[in-house]
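# heads up, no residue letters with this:
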């Protein structure tokens, strides 16, 4: 049975498909045969009446959820009405509730928009995780790089200290200043060699000569002494 009625709370039309299973009551076959000339039309009228009284009270979502309640209301009403005519209602089902085509399209669009919103949130969350992991990786790389530089500088300081101590012991009469001057000059020439050997280096102009080396050593010593006095 097909029935079109209006769901008043939403102001939309739906088509309700109902399935009614019935049979004559035992011992009342004559009533079922003679009392009604058109049993199907009579049952259909009762079904229409109950559905038109029940469905307009609901909104569209509740109509889908409460299909069993609607079917039970139809069955209860038919049991009372049709038993007097010798019929028994076996089962009542609300097979389908079909909204208007425009309403169905709107529902599909709402569902699609909700799914797109969920997908966008998931995508944003994934990008956020990637950015966090990338930032954590960069921070870890910088930390390890700084740790390596610190260890390198500590090794240089330890090497210079050992060189000064060893030279002072093996060469009597030398001072720590003499040893540091010699180390600085050695490093200076090593740096010049590396700059000239690199094919990717641009032209670099730096002062060269014994006087320049002495000035560099003096500036380094003065800086160390100033740092020491400031810390004291």
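Arrived safely, thanks for sending. As the structure is a prediction and not an experimental result, all values here were calculated from the model.
# List the buried residues of stretch 17-36.
For stretch 17-36, burial by neighbour count (16 or more other C-beta atoms under 10 Å) applies to 18, 20, 22, 24, 28, 31-32, 36. Backbone N, C-alpha and C define where each C-beta goes, glycine included.
# Tell me which entries of the residues you listed lie within helices.
Using DSSP state H, the members of these that fall in helices are 31-32.
# Adding distance to residue 52 and pLDDT, write the buried residues of stretch 17-36 out as TSV.
Formatted as TSV, the buried residues of stretch 17-36 follow (distance: C-beta to C-beta, whole Å; pLDDT from 0 to 100):
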residue	distance to residue 52	pLDDT
18	12	83
20	16	83
22	20	84
24	27	87
28	29	84
31	27	81
32	26	78
36	21	78
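# With respect to residue 149, which of the buried residues of stretch 17-36 is nearest?
Ranked by distance to residue 149 (C-beta to C-beta), the buried residues of stretch 17-36 are led by residue 18 at 81.6 Å.
# could you list every residue that touches the closest one?
Residues in contact with residue 18 (C-beta atoms under 8 Å, 6 or more residues apart in numbering) are 1, 3, 47, 51, 71, 74, 92-95.
# And for residue 89?
Contact analysis of residue 89 by C-beta under 8 Å, 6+ apart lists 20-22, 75, 78-79, 82.
# make it 7 Å
20, 22, 75, 78-79, 82 (C-beta atoms under 7 Å, 6 or more residues apart in numbering).
# Pipe the buried residues of stretch 17-36 into a markdown table and attach distance to residue 154 per row.
As requested, the buried residues of stretch 17-36 are arranged in a markdown table below (distance: C-beta to C-beta, whole Å):
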| residue | distance to residue 154 |
| --- | --- |
| 18 | 88 |
| 20 | 92 |
| 22 | 97 |
| 24 | 104 |
| 28 | 107 |
| 31 | 109 |
| 32 | 106 |
| 36 | 106 |
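# How much space separates residue 109 from residue 100?
The gap separating residue 109 from residue 100 is 14 Å, by C-beta to C-beta, to the nearest Å.
# Looking at these two, which has the bigger crowd around it?
Per other C-beta atoms under 10 Å, whichever of residue 109 and residue 100 has more neighbours is residue 100, with 16 against 10.
# quick one: the helices in the chain?
Assigned by DSSP H, the helices in the chain fall at 29-34, 39-54, 60-65, 67-82, 101-170, 176-197, 210-231.
# Out of the contacts of residue 89, the closest to residue 105 would be?
residue 20 (30.9 Å).
# pLDDT at residue 129, what is it?
The confidence metric pLDDT takes the value 90 at residue 129.
# Tell me the spacing between it and residue 140.
16 Å.
# Residue 87 against residue 21, yeah?
No - the pair residue 87 / residue 21 is not scored as a contact, 10.9 Å apart, by C-beta atoms under 7 Å.
# quick one, domains of the chain?
Using the TED database, the domain ranges for the chain come out as 2-99, 100-193.
# Mean neighbour count, these: which tops it?
Most buried of those, by mean neighbour count (mean count of other C-beta atoms under 10 Å): domain 2-99, with a mean of 16.
# Which residue comes closest to residue 21 once chain neighbours are left out?
Spatially, and ignoring its direct neighbours in sequence, residue 21 is nearest to residue 90 (4.1 Å; C-beta to C-beta, 6 or more residues apart in numbering).
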